[in-house]
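> Got a sequence here, can you model it:
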Amino acid sequence: MKKDRKHKVLVSIALTSLLAFNGVASASATAPVSEEHGKAENEFTATQARTSNETLQDWKNWVNDHAYSLSSIQPETVVGQKIPSNKFEDLEMLKPLLHDKRIVFLGESSHGVSQFNQAKTRLIQFLHQEMGYNVLAFESGMGNVMNAQGKVDKQAAQQTMKDAIFGVWWTKETLPLFEYAKTTQATEQPLVLTGFDIQQQGAFTNGDWLQNSKLAQQFTEAEKQLAEWSSSKDVKGYQKEKATIKDVYKQVKAQVQLKEKELQAAYPNEPHIVKLMERTLTDRIRLADEYVELTIQSNIEIEQNNIESFLKTMEWRDQAMMENLLWLAEEVYPTEKFIVWAHNDHIRKAQTEVMGSPYPVKFMGERLPDIYKKYSYVLGLYMTSGETANNMGEPMAVLPPIKGSIEDILSSTNKPYTFIDLRNRQNERGNSWMFEPRLSFSWGIMQESLVPRDQYDGILLIDKVSKPTYVK
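The predicted structure follows:
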């Protein structure tokens, strides 16, 4: 546990260093420049230099005329087996925007915001019940969510939550989502939980279904070793053990189809257990073969203030997540509509074009084939004020909006929850802000610059936020 924490702190330091470097370019973009100097600068700087108080007011006036205000972000209560449809009247405007979309991506600028968890839960309830989005895919381990879905009827919602998703979302505010999912299992339209992340997230199965105590023990040991090696700085040591670890996973994978009945008995609520188990074990073999060595090299380089290998691990992970999401959509649930729960960074359409981002690499959303982008809707969540938390649960004060930023423009509605559609807009005087580089805060503290409409189809701004109440 201490090693994991140290690794996270080192990564944080590395990212802070990169942000400081990128911040030079990002900060210069906000400074006034003369017309002569502006011609020598890049297009982004020149565009920002032309911004005037009058133009900013035009933008804010337009937002006040065109933005929607949500009446609530609190998850709704199921009455009988359904939520009364009139509870979603403030979300009706989403129906024409999403009627032809197969995937709705729900982002968040920070993993540590109580109100993001609440808002996304309510949106999921609406999308599932009112629009037939029956598959909820998390930025969490495929095998872990498979395990949780397979037992969703047999255990408490809190246990399902802890089995399924990363600890950053083990919160009181996320729990209603899993209570809702459990309630739907007895209906004709169950909400199916799945995951697309390839990262190790603890053991995803106990191996009892193998009915081979020796192999089950070897599997448990392999899971433990893989996690420990991921925190090490001994590349050569791992290379000596890699083949043995991979061999264990191959042996377990070879048993999957032979143990179909045992798997179905162990995971009765997951009809696709064989496919998902094989895919997860294939991912583990890939992880052992490629990703762990990258991670070990990253651990070494971060101590030298070099994050090149760390960025490679991020890019490797997002490529694998994209492949898993497409596999789920095409091979496991080919006729279903999806909701995706992830960080803004992972779902943005052109992450490499975001100036100031600590992750200047091509992430999942940018890697998606064009046909999926066409039939998807990407919703970014942002905040204006209050307190968020980092991935270790430590509080961080949200910085005040920068004049002319996304948060500044949208918060001019003076509403607690402001939604604006970007996708179905043509560039005009009042909304030109969404077609130009705008500043915003990732995690409430990291200054970035992006063209809103190039990255998102819609934005939901929550005025005041607080850190979640974590569940241990």
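> Could you look up the SS state of Leu381?
strand (DSSP: H, G, I helix; E, B strand; the rest coil).
> The residue nearest to Ile198 when sequence neighbours are not counted and Met364: what is the separation?
Leaving aside its sequence neighbours, Ile198 sits nearest to Ala320 (CB to CB, 6 or more residues apart in numbering; 4.0 Å). Every C-beta, even on glycine, is put in place using the N, C-alpha and C of the backbone. Taking CB to CB, to the nearest Å as the measure, Ala320 falls 9 Å from Met364.
> So which of the two has more stuff around it?
More crowded of Ala320 and Met364, by other CB atoms under 10 Å: Met364, with 27 against 21.
> Hmm, that one is touching Asn324, no?
No: using CB atoms under 8 Å, Met364 makes no contact with Asn324, being 9.4 Å away.
> Who are the packing partners of the one helix or strand the residue nearest to Ile198 maps to?
Assigned by DSSP states H and E, Ala320 belongs to helix 308-327. For helix 308-327, the elements it packs on are strand 192-197, helix 273-286, helix 292-302, helix 364-367, judged by 3 or more CB pairs under 8 Å, 6 or more residues apart in numbering; DSSP states H and E.
> want to throw the ones you listed into CSV with distance to Glu407 and mean pLDDT?
Shown next, in CSV, are the helices and strands packed on helix 308-327 (distance: least, CB to CB, whole Å; pLDDT from 0 to 100):
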stretch, distance to Glu407, mean pLDDT
strand 192-197, 28, 98
helix 273-286, 37, 98
helix 292-302, 31, 97
helix 364-367, 21, 98
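> Show me where the stretch 51-200 of the chain has its strands.
For the stretch 51-200 of the chain, applying DSSP state E, counting those that start in this stretch gives strands covering 68-69, 103-106, 133-141, 192-197.
> how distant is the shortest one from the center of its chain?
Same thing as strand 68-69. Offset of strand 68-69 from its chain centre (CA atoms, centre = their mean, to the nearest Å): 24 Å.
> what does stretch 254-267 rub up against?
Contacts with stretch 254-267, where a contact means CB atoms under 8 Å, 6 or more residues apart in numbering, come from 146-147, 149-151, 208-212, 215, 273-274, 277-278, 281.
> List the buried residues of it.
For stretch 254-267, burial by neighbour count (16 or more other CB atoms under 10 Å) applies to Gln255, Val256, Lys259, Glu262, Leu263, Ala266, Tyr267.
> Over it, what's the mean pLDDT, rounded is fine.
In this model, stretch 254-267 has a mean pLDDT of 98.
> same deal with stretch 164-177?
Here the average pLDDT along stretch 164-177 is 98.
> ok, back up a step: could you provide the buried residues of stretch 254-267 in a markdown table, with additional columns for secondary structure and distance to Lys374?
Shown next, in a markdown table, are the buried residues of stretch 254-267 (DSSP: H, G, I helix; E, B strand; the rest coil; distance: CB to CB, whole Å):
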| residue | secondary structure | distance to Lys374 |
| --- | --- | --- |
| Gln255 | helix | 40 |
| Val256 | coil | 35 |
| Lys259 | helix | 40 |
| Glu262 | helix | 42 |
| Leu263 | helix | 36 |
| Ala266 | helix | 39 |
| Tyr267 | coil | 34 |
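> Among those, which one lies nearest to Phe166?
Tyr267 (20.6 Å; CB to CB).
> From Thr187, how far off is that closest one?
Note on Tyr267: its distance to Thr187, by CB to CB, is 20 Å.
> you'd agree the residue nearest to Ile198 is up against Glu290?
No: Ala320 is not in contact with Glu290 according to CB under 8 Å; the separation is 9.4 Å.
> model confidence over stretch 325-344, on average?
The pLDDT scores in stretch 325-344 average 98.
> Take stretch 449-466 and give me the span from its first residue to its final residue.
Stretch 449-466 has an end-to-end distance of 24 Å (CA to CA, to the nearest Å).
> can you check stretch 57-75 too?
One end of stretch 57-75 to the other measures 34 Å (CA to CA).
> Not counting it itself, show me its contacts.
Contact with stretch 57-75 is made by 89-91, 93, 115, 118-119, 121-122, 125, 176-177, 180, 409-410, 412-413, 415-420, 429-433, 460, 462, as judged by CB under 8 Å, 6+ apart.
> From those, list just the buried residues.
Applying 16+ other CB under 10 Å to those flags 90-91, 115, 118-119, 121-122, 125, 176-177, 180, 409-410, 412-413, 415-420, 430-431, 433, 460, 462 as buried.
> Go through those residues and flag which are in helices.
Using DSSP state H, the members of the buried ones among the contacts of stretch 57-75 that fall in helices are Gln115, Gln118, Ala119, Thr121, Arg122, Gln125, Pro176, Leu177, Tyr180, Ile409, Leu410.
> tell me the two of these that are most distant?
Spatially, the most separated pair among those is Tyr180 and Ile409, at 33.2 Å (CB to CB).
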